[in-house]
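Peer 1: give me a 3D structure for the following:
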Amino acid sequence: MKKTLLIFFGMAFACGILTGCAKDDPNTLTILNYGKYIEPEILDTFEEETGIKVEYEEYITPENMYTKYKAGAIDYDLICTSDYMIEKLINEGEVLELDFGNIPLAENIDPAYFDFSKSFDPENKYTLPYFFGTVGILYNKEMVDESEVSSWDILWDEKYAGKIIMADSVRDSFMAAQKRLGFSLNTTDDGMLREAQKLLIEQKPLVYSYLVDEAQDEMIAENAAMALVYSGEAGLALEYNDKLAFSVPKEGSNMWIDSWFMPKTAKHTENAEKFLDFLCREDIALLNFDYVYYATPNTKVKESLDPELQENSTIFPPKETLDNCEVFKSLDDEATMRYNLYWKEIKSAG
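Peer 2: Okay, the predicted model is just below:
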């Protein structure tokens, strides 16, 4: 397998640099997105309706996305990722402006989420909101004392040793420790980072596993008592196991928004904007919501849901919860390096 890949990339490099042997197909669209973050049927429908072939790739964390994009092996036309990573790419000059005249159905997006997006896209020039939510604790009500899940402290409670799932994500796991300590989740103070790291190292013997996408499956299967997860994952897990519940601790958490943008590598900008308009269409956005099950900023979709689902505080966090949350900000290179170094030290700790 490795040999085959090396030969393939070598041929692709030689072909592109020496001969330019393959012409670009204008009827294609190359997308990079989180795993399990779009209804597959939507991609098929878009291809059938437009004749545009979609080439689709997935990644796990924003940091993985950044590495994949920066490698430059593929010219992506559209990328979906989280607020702080988009801010970083905008600051690096890696993002193209969207022509919202080509995305008329963007009017279905609640203006409140365009206002929220100004925290990382100040002029709303580059991004289209996709899903939003919080980070909290998904827990099994039969394994956990519900009176304790209102605080991040529970993730360090020794009576749950071997039953705690943490996020295999540097910013998310650091966030839980930072909030427990009363720090901002955007701190770059080295003393504060070291304190948070110390907490996470102390916690490590209690951790069942560090996971991202698989956390909800482990909780549904009752293989752990609690997990640090995104609210959308929690909402979906609750549908499959009624023993589960979700809490955003009182110390505060992260409110995130995932958005679409066109990177400067985009060769098919018209196709990209057609796809974004397509995603905003009510029937498509509803189909996508039913699959992803994260909070949608699409007002047409939310208004079409039954009242019980509209009032589901796991899927649609109440204002008081969101007001107690912070948005991740982009870190400079030095701070990013320190976060990553300290995370590696946590993961390698005995």
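Peer 1: show me where pLDDT drops low in this protein?
Peer 2: 1-23 (pLDDT under 70).
Peer 1: can you do 80?
Peer 2: For the chain, the stretches with pLDDT under 80 are 1-24, 350.
Peer 1: so what's the spatially most central residue of the chain closest to, chain neighbours aside?
Peer 2: Most central in the chain under Cα atoms, centre = their mean is residue 82, positioned 5.2 Å from the mean C-alpha point. Once flanking residues are discounted, residue 82 sits nearest to residue 62: 4.8 Å by Cβ to Cβ, 6 or more residues apart in numbering. To be clear about C-beta, it is placed using only N, CA and C from the backbone, and glycine gets the same treatment.
Peer 1: please report the distance of the one you found from residue 320.
Peer 2: 27 Å (Cβ to Cβ, to the nearest Å).
Peer 1: strands of the stretch 251-350 of the chain, start to end?
Peer 2: 253-263, 325-326 (DSSP state E, counting those that start in this stretch).
Peer 1: ok, back up a step: give me the neighbour count for the residue nearest to residue 82.
Peer 2: 23 (other Cβ atoms under 10 Å).
Peer 1: now it. Its backbone dihedrals?
Peer 2: Dihedral angles phi and psi of residue 62 (degrees, to the nearest 10) take the values phi -60, psi -30.
Peer 1: can you tell me which residues contact it?
Peer 2: Neighbour list for residue 62: 81, 82, 84, 85, 171 [criterion: Cβ atoms under 8 Å, 6 or more residues apart in numbering].
Peer 1: can I get the buried part of these as one PyMOL selection?
Peer 2: Buried members of those, defined by 16 or more other Cβ atoms under 10 Å, are picked up in PyMOL with:
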select buried, resi 81+82+84+85+171
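Peer 1: can you put the contacts of residue 62 in TSV and add distance to residue 120 and secondary structure?
Peer 2: Shown next, in TSV, are the contacts of residue 62 (distance: Cβ to Cβ, whole Å; DSSP: H, G, I helix; E, B strand; the rest coil):
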residue	distance to residue 120	secondary structure
81	11	strand
82	9	strand
84	7	helix
85	9	helix
171	14	helix
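Peer 1: turn the contacts of residue 62 into a markdown table, columns for distance to residue 235.
Peer 2: Listed next are the contacts of residue 62 as a markdown table, based on distance: Cβ to Cβ, whole Å:
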| residue | distance to residue 235 |
| --- | --- |
| 81 | 21 |
| 82 | 18 |
| 84 | 23 |
| 85 | 23 |
| 171 | 21 |
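Peer 1: buried stuff in the one helix or strand residue 115 maps to?
Peer 2: Assigning secondary structure by DSSP states H and E places residue 115 in helix 111-117. Residues of helix 111-117 classed as buried by neighbour count (16+ other Cβ under 10 Å): 113, 114, 116, 117.
Peer 1: give the other helices and strands that that helix contacts.
Peer 2: When contacts are defined as 3 or more Cβ pairs under 8 Å, 6 or more residues apart in numbering; DSSP states H and E, helix 111-117 sits against strand 128-140, strand 253-263.
Peer 1: among those strands, which comes closest to residue 89?
Peer 2: strand 253-263 (7.1 Å; Cβ to Cβ).
Peer 1: for that closest one, buried residues please.
Peer 2: Buried, per 16+ other Cβ under 10 Å, within strand 253-263: 253, 254, 255, 256, 257, 258, 259, 260, 261, 262, 263.
Peer 1: in the sheet, who's paired with the fourth one?
Peer 2: Note on residue 256: beta-bridge partners by DSSP bridges are residue 133.
Peer 1: now do it against residue 58, distance only.
Peer 2: In terms of Cβ to Cβ, residue 256 sits 18 Å off from residue 58.
Peer 1: is it possible to export the helices and strands packed on helix 111-117 to TSV including distance to residue 282?
Peer 2: Listed next are the helices and strands packed on helix 111-117 as TSV, based on distance: least, Cβ to Cβ, whole Å:
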stretch	distance to residue 282
strand 128-140	15
strand 253-263	17
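Peer 1: Serialize the strands of the stretch 251-350 of the chain to TSV and add fields for distance to residue 177.
Peer 2: Below are those laid out as TSV (distance: least, Cβ to Cβ, whole Å):
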stretch	distance to residue 177
strand 253-263	12
strand 325-326	14
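Peer 1: tell me which of these approaches residue 176 most closely.
Peer 2: Closest to residue 176 of those is strand 253-263 (Cβ to Cβ; 8.2 Å).
Peer 1: what helices or strands is the closest one leaning on?
Peer 2: Strand 253-263 packs on strand 78-82, helix 83-91, strand 95-96, helix 111-117, strand 128-140, helix 170-180, helix 269-280, strand 325-326, going by 3+ Cβ pairs under 8 Å, 6+ apart.
Peer 1: burial of residue 145, as a residue count?
Peer 2: Neighbour tally, residue 145, other Cβ under 10 Å: 12.
Peer 1: and the one 5 residues further on, by the same measure?
Peer 2: Residue neighbour count, defined by other Cβ under 10 Å, stands at 14 for residue 150.
Peer 1: what sits up against stretch 308-318?
Peer 2: So stretch 308-318 is contacted by 133-134, 231-232, 234-235, 238, 246, 248, 255, 293-295, 302, 321 (Cβ under 8 Å, 6+ apart).
Peer 1: ends of it, what's the gap?
Peer 2: End-to-end distance for stretch 308-318: 14 Å, by Cα to Cα, to the nearest Å.
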